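*Asks:* Let's see this in three dimensions:
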Amino acid sequence: MLALLCDAFRWCLKRNEWSKGSFMVSLTQPLYIAFHMILIGMASLGVKMPMGILLHQPKWRIATISVAVAVSIVADIVILSWPKLKEALRVQSLSEETRPFMVFLWFCNIFLLLDSLLCIARIPWTFLPLLLIGAAALKEFFIIRCLFHLYSIIVEHQSEIRHRELSQKLARQERRTEELKNRSDRDALTGLFSRQYLMEQMEAMLEKK
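*Replies:* Numbering: from 1, shown residues only. Below is the predicted model of the structure:
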């Protein structure tokens, strides 16, 4: 929740990029929570200690949070330094198709926050960390898969718009060309066909015999 509030505050300062910011916060928050939970589950399996007991030890709590925050910072740096990825996220944040995906992301946030209660629960079940790791990894996979699918839909939609615009532009150019040809074939004052048009037609008829 603290990471969510910090991200939201950071993007609130950039009012002209609020739509992009809300999308980025909604996208990175469940990925951050899921990764943190995977770390906790792996640490619990590694030291063979229940997650609730492990997180009551400050060193493990600090270690898992530090690694998760470091990975989140590195991911932000990669996104900002990768122009194509940055542009892809910008396009998706401004698209109408993003709204249902945002709803899906917030449902993932709620489910992950509920799943995170298992981390502090004192349940003496050996497979609980595996269940938590599997659930978090599955949510991350679905979020990333939906992100790529959404991007492909947006790219296809934009290519259709560009194709439609080019077709309309070509049709306008063809109409303009036809108008210019008609002007060259007719006399501007009388509207009758010009002598040049007559000669061209006669040549064409002679060629056809």
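*Asks:* any idea how far the nearest residue to Asp185 once chain neighbours are set aside is from Ser44?
*Replies:* Nearest non-adjacent residue to Asp185, counting by Cβ to Cβ, 6 or more residues apart in numbering: Tyr197, 4.2 Å away. (C-beta placed from N, C-alpha, C; glycine too.) Tyr197 sits 89 Å away from Ser44, going by Cβ to Cβ, to the nearest Å.
*Asks:* before we move on, back to that, using the three-state scheme, assign the residue nearest to Asp185.
*Replies:* Under DSSP: H, G, I helix; E, B strand; the rest coil, Tyr197 falls in the helix class.
*Asks:* picking that back up, neighbour-wise, which of Tyr197 and Ser44 wins?
*Replies:* Ser44 (25 against 16; other Cβ atoms under 10 Å).
*Asks:* Does that one touch Met51 like I think?
*Replies:* Yes - assessed by Cβ atoms under 8 Å, Ser44 is found in contact with Met51 at 4.5 Å.
*Asks:* list residues touching both of those two?
*Replies:* Common contact partners of Ser44 and Met51 (Cβ atoms under 8 Å, 6 or more residues apart in numbering): Pro129.
*Asks:* Just checking, which helix or strand of the chain averages the lowest pLDDT?
*Replies:* Every helix and strand in the chain was compared by mean pLDDT, DSSP states H and E; the lowest is helix 83-93, with a mean of 65.
*Asks:* Quick one: mean pLDDT over the helix or strand that comes right after it.
*Replies:* For helix 83-93, the succeeding helix or strand toward the C-terminus, using DSSP states H and E, is helix 98-115. In this model, helix 98-115 has a mean pLDDT of 81.
*Asks:* Check stretch 123-138 too.
*Replies:* Mean pLDDT, stretch 123-138: 82.
*Asks:* how about the strands of the chain, start to end?
*Replies:* Taking DSSP state E, the chain contains no strands at all.
*Asks:* any idea where the helices of it begin and end?
*Replies:* 2-12, 18-47, 51-55, 58-81, 83-93, 98-115, 117-120, 128-185, 195-207 (DSSP state H).
*Asks:* quick one: contacts of the last one?
*Replies:* When you say that, I think you mean helix 195-207. Ser184, Asp185, Arg186.
*Asks:* ok, now with 10 Å
*Replies:* Applying Cβ atoms under 10 Å, 6 or more residues apart in numbering, the contact partners of helix 195-207 are Lys181, Asn182, Ser184, Asp185, Arg186, Asp187, Leu192, Phe193, Ser194.
*Asks:* any low-confidence regions in the protein?
*Replies:* Applying pLDDT under 70 to the chain picks out residues 7-8, 10-21, 80, 82-97.
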